[in-house]
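A.B. asks: only geometry, no sequence info:
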């Protein structure tokens, strides 16, 4: 699936993560910009969770920016799910 | 019962460490209208993995008259928290309708109908008027609570620290709970810096019959525990009464005296309640 609109979820607060998603032109694949305050310790698992979720939603032609402030796995999953659903216009939120 | 905003991951993941008897993950008033979807997803994911230790976990959903209530139920009911807290409950018909929806979701997920309970929040004048029928008609309603801020708003009065405007409602709700043999939890004390005020209000709440009190800040938990937990002296006295009661009952004596004071069934019942709170059994 391809994002229909630009969408955002999460916050810059500690223990949270913010995701920004925007659509890319057709056949662009995925462009990921991932940063985390705990990249050295948990960067690998942070990246893995994001890629697995994008795979499970079959997301493509997507530009994703993630800025993590030490979120736990359930928070990362919840925030990314929210951003994806908002970008697919499956649910309303805020940009 | 500690209120935790449903869209705040830091607070949710730490919720279990403060020693509250119960955690309330709030999808209703603590969440901005444009973040309801985010909070719902966060609470769903957190409940699955976060350890809240011994605390009972409840989720306050949005009212079914809002665009969020049904979606909340669809995502939270399958997780079977200890309880769903339903805001602004006004009538038994409303509770029946809510339970019908909950049970349909439970059926779809092959879940039992008797595990997760329902807490009805009484926050309107109409709810206060109908509270006995709300409290007594449904086996799944195991607690009622009063929402002080919303109730004063509904009554067009100002919430004052002496609580005089909601005193009738408090007592009516307590009577309904006592008559239905369920828990009844007092409203929050909004000023987190006024510890003396919190203690005073909690002592009053205990005196008139509340079984617990909601808090909006972990700093308030200790004071509420201090007020509601029986003192060592109360426990000793209660133990003595129940022990003497057992000895006298075995000897065929119904009413007896301890230190010159008559002990009969109501005194024993009160002593047994204190021992239950203190988790003490008389051998």
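C.D. replies: It's in. Bear in mind that the values here come from a model prediction, so they are computed numbers and not experimental data. Numbers count the residues shown, from 1 in each chain, chains lettered A, B, ... in the order given.

A.B. asks: what's the neighbour count on the spatially closest residue to residue A:2 that is not a sequence neighbour?
C.D. replies: Counting by Cβ to Cβ, 6 or more residues apart in numbering or on different chains, residue A:61 is the residue found nearest to residue A:2 once chain neighbours are left out, at 4.4 Å. Placement of C-beta: from N, CA and C, glycine included. Other residues near residue A:61 come to 17 when the count uses other Cβ atoms under 10 Å in any protein chain shown.

A.B. asks: Any figure for the gap between residue A:61 and residue B:181?
C.D. replies: From residue A:61 across to residue B:181, the span is 60 Å (Cβ to Cβ, to the nearest Å).

A.B. asks: which stretches of chain A have low pLDDT?
C.D. replies: Confidence mapping of chain A against pLDDT under 70 gives the ranges A:93-95.

A.B. asks: cutoff 90 now
C.D. replies: Scanning chain A for pLDDT under 90 picks out A:39-43, A:90-95.

A.B. asks: Quick one: name the residues of it near chain B.
C.D. replies: For chain A, the contact set with chain B under Cβ under 8 Å from any Cβ of the partner chain comprises A:9-10, A:13-16, A:71-75, A:77-79, A:81-82, A:85-86, A:91-94.

A.B. asks: Give me the buried subset of those residues.
C.D. replies: A:9-10, A:15-16, A:71-72, A:74-75, A:77-79, A:81-82, A:85-86, A:91, A:93 (16 or more other Cβ atoms under 10 Å in any protein chain shown).

A.B. asks: Spatially, what comes nearest to the residue of the stretch 51-200 of chain B found nearest chain A if we skip its sequence neighbours?
C.D. replies: Among the residues of the stretch 51-200 of chain B, residue B:71 lies closest to chain A, at 8.3 Å counting by Cβ to the nearest Cβ. Leaving aside its chain neighbours, residue B:71 sits nearest to residue B:40 (6.5 Å; criterion: Cβ to Cβ, 6+ apart).

A.B. asks: Contact partners for the one you found?
C.D. replies: Residue B:40 sits next to B:6, B:27, B:68, B:71, B:72, B:75, B:76 when contact means Cβ atoms under 8 Å, 6 or more residues apart in numbering or on different chains.

A.B. asks: Residue A:48 should be in a strand, yeah?
C.D. replies: No: assessed with DSSP: H, G, I helix; E, B strand; the rest coil, residue A:48 is helix; it does not lie in a strand.

A.B. asks: what's the neighbour count on it?
C.D. replies: Neighbour tally, residue A:48, other Cβ under 10 Å: 11.

A.B. asks: Residue A:42 is in contact with residue A:49, isn't it?
C.D. replies: No: judged on Cβ atoms under 8 Å, residue A:42 makes no contact with residue A:49 at a distance of 9.7 Å.

A.B. asks: picking that back up, which of the buried ones among the residues of chain A next to chain B fall within helices?
C.D. replies: If you go by DSSP state H, these have A:74, A:75, A:77, A:78, A:79, A:81, A:82, A:85, A:86 in helices.

A.B. asks: tell me the contacts of the first one?
C.D. replies: Looking back up the chat, that one is residue A:74. Contacts for residue A:74 (Cβ under 8 Å, 6+ apart) come out as B:42, B:45, B:46, B:48, B:49, B:50.

A.B. asks: Adding distance to residue B:277 and pLDDT, write those residues out as a markdown table.
C.D. replies: Formatted as a markdown table, the contacts of residue A:74 follow (distance: Cβ to Cβ, whole Å; pLDDT from 0 to 100):
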| residue | distance to residue B:277 | pLDDT |
| --- | --- | --- |
| B:42 | 34 | 98 |
| B:45 | 35 | 97 |
| B:46 | 30 | 97 |
| B:48 | 32 | 93 |
| B:49 | 32 | 94 |
| B:50 | 28 | 94 |
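
A.B. asks: which one of these is nearest residue B:31?
C.D. replies: residue B:42 (9.6 Å; Cβ to Cβ).

A.B. asks: so who does the closest one touch?
C.D. replies: So residue B:42 contacts A:74, A:75, A:78, A:79, A:82, B:6, B:7, B:9, B:12 (Cβ under 8 Å, 6+ apart).

A.B. asks: That one - that's part of a helix, no?
C.D. replies: Yes: if the criterion is three-state DSSP, then residue B:42 is within a helix.

A.B. asks: most surrounded residue in the contacts of residue A:74?
C.D. replies: Within these, most neighbours by other Cβ under 10 Å means residue B:42, with 30 neighbours.

A.B. asks: rewinding a little: for residue B:86, state which of the ones in helices among the buried ones among the residues of chain A next to chain B is nearest.
C.D. replies: residue A:78 (23.2 Å).
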